[in-house]
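Novice: need coordinates for the following:
(chains A and B)
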2 protein chains.
Amino acid sequence: MRTIGLKEIEDIALGASLLGAGGGGDPYIGKLMAMGAIKEFGPVTLLDPEEIPDDALIVPMAMMGAPTVLAEKAANGREAKALYDLVSKYFGKEVYAFMPMEAGGFNSMFPIVCAASLGLPLVDVDGMGRAFPELQMVTFTIGGVSASPMALTDEKGNAVIFETVSNKWTEELARSVTMSCGGSVAVALYPMDGKTVKAYGVKNIVSRSETLGKAIRNVKESGDKTPEQSFLEFTGGYRLFKGKISDVLRETRGAFNFGTVVLDGIADCKGKQAKVEFQNENLTCTVENTIVATVPDLICLVDTETFLPVTTDALKYGKRVLVVGLPCFEMWRSEKGLELVGPRYFGCDTDYIPLEERCQEVK
Amino acid sequence: MRTIGLKEIEDIALGASLLGAGGGGDPYIGKLMAMGAIKEFGPVTLLDPEEIPDDALIVPMAMMGAPTVLAEKAANGREAKALYDLVSKYFGKEVYAFMPMEAGGFNSMFPIVCAASLGLPLVDVDGMGRAFPELQMVTFTIGGVSASPMALTDEKGNAVIFETVSNKWTEELARSVTMSCGGSVAVALYPMDGKTVKAYGVKNIVSRSETLGKAIRNVKESGDKTPEQSFLEFTGGYRLFKGKISDVLRETRGAFNFGTVVLDGIADCKGKQAKVEFQNENLTCTVENTIVATVPDLICLVDTETFLPVTTDALKYGKRVLVVGLPCFEMWRSEKGLELVGPRYFGCDTDYIPLEERCQEVK
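Specialist: Here you go, the predicted model:
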């Protein structure tokens, strides 16, 4: 158990934004909201998963929708309270603590806003260890946990409760409502007990985000290694490509951001051109027609100078980025995991080959 | 107080189908479901609105979606129980009775199914006195009653509760979910107390449907008048046109059936051609470029021989129909009523002129 105050926020947002693999929303807006909540209500207690009782009700909180929309259609600040009221009224048990559902610039911060403003603790765990675009894509689905009852609220004050026959149906119905509400909403879903959180959650993700964030901020100061080498070392990342963005094809469809970013190689790159496909999050990285990484492994774009993550909603022509691959949480590499989030689910015609092997092949 | 048994069902379904003004769903399917429920659970008690206590919770029940879809994607028979369970769990008070929300072939029958299978009475009242395509289009909206909390369930077992900031938002969000569920769902909405039902409801609509249905079945037997004259007499209807369907333009969009039916005049018709526009229900009737009737007045198509109503999902080439106009419930002719269901709401560029005046003009 420890507390999260203003100084931790900056690092958590930055590190989670890297783990967001291009998605998870704008870290700037999330950070401002979390800082505002902590200034108003005081710091948040962060619990280690092992500290929560087996029968405690833990509720993940997140924003759902297209990150580009979220940046312009901001939250109204009352979402946390509105969701808490819905959860208290409909889920039939007192909430013990909140938790994040995914790592990402915004979705690492929103649960902190909820925890601060409701005076509840936050658990150091999530259901992805990264960000994914659809709500059934969590380790808890592998564990047979139901996404519903799920509560949803928008900035106008509309509220919806879902009880569905499968997590894919929760995604389907909640996505429709998200679109009708203008493309982004706040949600509370996968209410579960402490035992389940411990069995299937990605543990210590908040702390990992914080460590990564701190390291990114200090990356330039690292002794004899180049900043890039030291960045790759502390992230455990694979260098996939380095290039200048020469084109961004983008479409907002079904409350998702779909698109492709094209990169022209710079510096000591193996190929001349690369492209990264995305659906909110980066899905595949292809260098000179060879796939070098796919979901569920993390494909992260960072600024070549500052190493700050570049999310899919911030991609623009001329930006120079390093494309880094990070191995995903091991549960995603199981058969059930790949059914949920493997490349074929996203319409990419390739089997999943772990990042480590793909990079071996390329070398 | 009286009971509705098998012999009443046939007449109610037939009469309500006429009042559906082209919409309200297929009377055949509704009738079969209601008969099945009455055979299994016994007859239903029909209460006069004046018989219900002021503080009793009354819940309208209906199917929502496109009538063409409803005819093919049937209900699973467990909707009534599923809705009742949702209402009991979430609305926080015991249900005293059900009521229909609109007159129509299917939506006059579904509340009977609910009442029979749950052993609750039905109130002889509805919120339209006809059928309308969108859920905020009820007299209760004029009375400031909220459509939410609203419960929705589909034949797969998905369930959703809405609490919205306005009835237009209930329509918006519930319509999205209806589309995602395949185009038709069962709903419980506008939960209200007995006092409100008495203040804003269209009273004795079930009994009126039954009387109309019985008269339609016996229309041929009427002494010295032609069957058509006697049909017009007992319905209080205006003869707008008589023709053969020469074209049906139809589109299912947003879980609605939109379209136009074109008629070539037969017999002693004033014009050569007429067209009727519809959105689930018939919206306008135009004879030789002159509008002769618009919403909220009822525009009903009936078979020229049997006088059986022809709903918009059953329109087809070659059918001979009589187009009849019936004056709507008086509350729809108020300013607030016309804001909700006047011709301009449906994109028809004309002021509302009561049917009686329009028909005077034409003569």
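Novice: contacting residues for the residue positioned nearest the centre of chain A?
Specialist: Centroid-nearest residue in chain A: residue A:131, 2.7 Å away (criterion: Cα atoms, centre = their mean). Contact analysis of residue A:131 by Cβ atoms under 8 Å, 6 or more residues apart in numbering or on different chains lists A:19-24, A:102-104, A:107, A:280-281. C-betas here are computed from N, CA, C, even on glycine.
Novice: go back to the residues you listed and keep what's next to chain B.
Specialist: Subset of those in contact with chain B: empty, counting by Cβ under 8 Å from any Cβ of the partner chain.
Novice: tell me the one among those nearest to chain B.
Specialist: Of all these, residue A:280 has the smallest distance to chain B: 19.4 Å, by Cβ to the nearest Cβ.
Novice: now residue A:60: how far from residue A:97?
Specialist: Distance, residue A:60 to residue A:97, using Cβ to Cβ, to the nearest Å: 10 Å.
Novice: show me which of those two is the more surrounded one.
Specialist: residue A:60 (29 against 22; other Cβ atoms under 10 Å in any protein chain shown).
Novice: which ones are touching the nearest residue to that one once chain neighbours are set aside?
Specialist: Excluding the flanking residues, the one nearest residue A:60 by Cβ to Cβ, 6 or more residues apart in numbering or on different chains is residue A:101, at 4.1 Å. Residue A:101 sits next to A:60-62, A:107, A:111, A:126-128, A:135, A:138, A:189-190 when contact means Cβ under 8 Å, 6+ apart.
Novice: circling back to that earlier point, which of the contacts of residue A:131 ranks first by neighbour count?
Specialist: residue A:104 (37 neighbours).
Novice: quick check: residues of chain A near chain B?
Specialist: Residues of chain A lying near chain B (Cβ under 8 Å from any Cβ): A:90, A:156-165, A:169, A:172-173, A:175-177, A:179-181.
Novice: any of those residues buried? List them.
Specialist: With burial judged by 16 or more other Cβ atoms under 10 Å in any protein chain shown, the buried subset of these is A:90, A:158-164, A:169, A:172-173, A:175-177, A:179-181.
Novice: returning to what we had before: how confident is the prediction for the residue nearest to residue A:60, by pLDDT?
Specialist: Predicted confidence (pLDDT) for residue A:101: 96.
Novice: next: the one 3 residues further on.
Specialist: Reading off the confidence values, residue A:104 has pLDDT 87.
Novice: can you report how many residues neighbour the nearest residue to residue A:340 once chain neighbours are set aside?
Specialist: Setting aside the residues directly before and after it, residue A:340 is nearest to residue A:137 in space (Cβ to Cβ, 6+ apart), at 5.5 Å. Neighbour count of residue A:137, defined by other Cβ under 10 Å: 25.
Novice: what's around residue A:9, how many residues?
Specialist: 25.
Novice: what of residue A:118?
Specialist: Around residue A:118 there are 19 residues (other Cβ under 10 Å).
Novice: distance of it relative to chain B?
Specialist: 19 Å (Cβ to the nearest Cβ, to the nearest Å).
Novice: ok, residue A:314 next?
Specialist: Distance from residue A:314 to chain B, by Cβ to the nearest Cβ: 29 Å.
Novice: which residues does the residue lying closest to residue A:247 once chain neighbours are set aside contact?
Specialist: In this structure, residue A:247 finds its nearest non-sequential neighbour in residue A:262, 4.1 Å apart by Cβ to Cβ, 6+ apart. With contact taken as Cβ under 8 Å, 6+ apart, residue A:262 is in contact with A:245-249, A:273-275.
Novice: by neighbours, which of these wins?
Specialist: Neighbour max across those (other Cβ under 10 Å) = residue A:274, 24 neighbours.
Novice: SS state for that residue?
Specialist: At residue A:274 the chain is in strand, as set by DSSP: H, G, I helix; E, B strand; the rest coil.
Novice: and it, what are its bridge partners?
Specialist: residue A:263, residue A:287 (DSSP bridges).
Novice: list the residues that contact it.
Specialist: Counted by Cβ under 8 Å, 6+ apart, residue A:274 has contacts A:240-241, A:243, A:262-263, A:265, A:285-288, A:323.
Novice: please apply the same query to residue A:10.
Specialist: Going by Cβ under 8 Å, 6+ apart, residue A:10 touches A:31, A:213, A:217.
Novice: next, the first one: phi, psi?
Specialist: Read that as residue A:31. When read as degrees, to the nearest 10, the backbone of residue A:31 gives phi -60, psi -50.
Novice: quick one: the strands in the stretch 51-200 of chain A, in order.
Specialist: A:57-65, A:95-100, A:122-123, A:125-126, A:150-153, A:159-163, A:184-188, A:192-193 (DSSP state E, counting those that start in this stretch).
Novice: the fifth one pairs with which strands?
Specialist: Yep, that's strand A:150-153 we're talking about. Here, using DSSP bridges, strand A:150-153 pairs with strand A:159-163 (antiparallel), strand A:184-188 (antiparallel).
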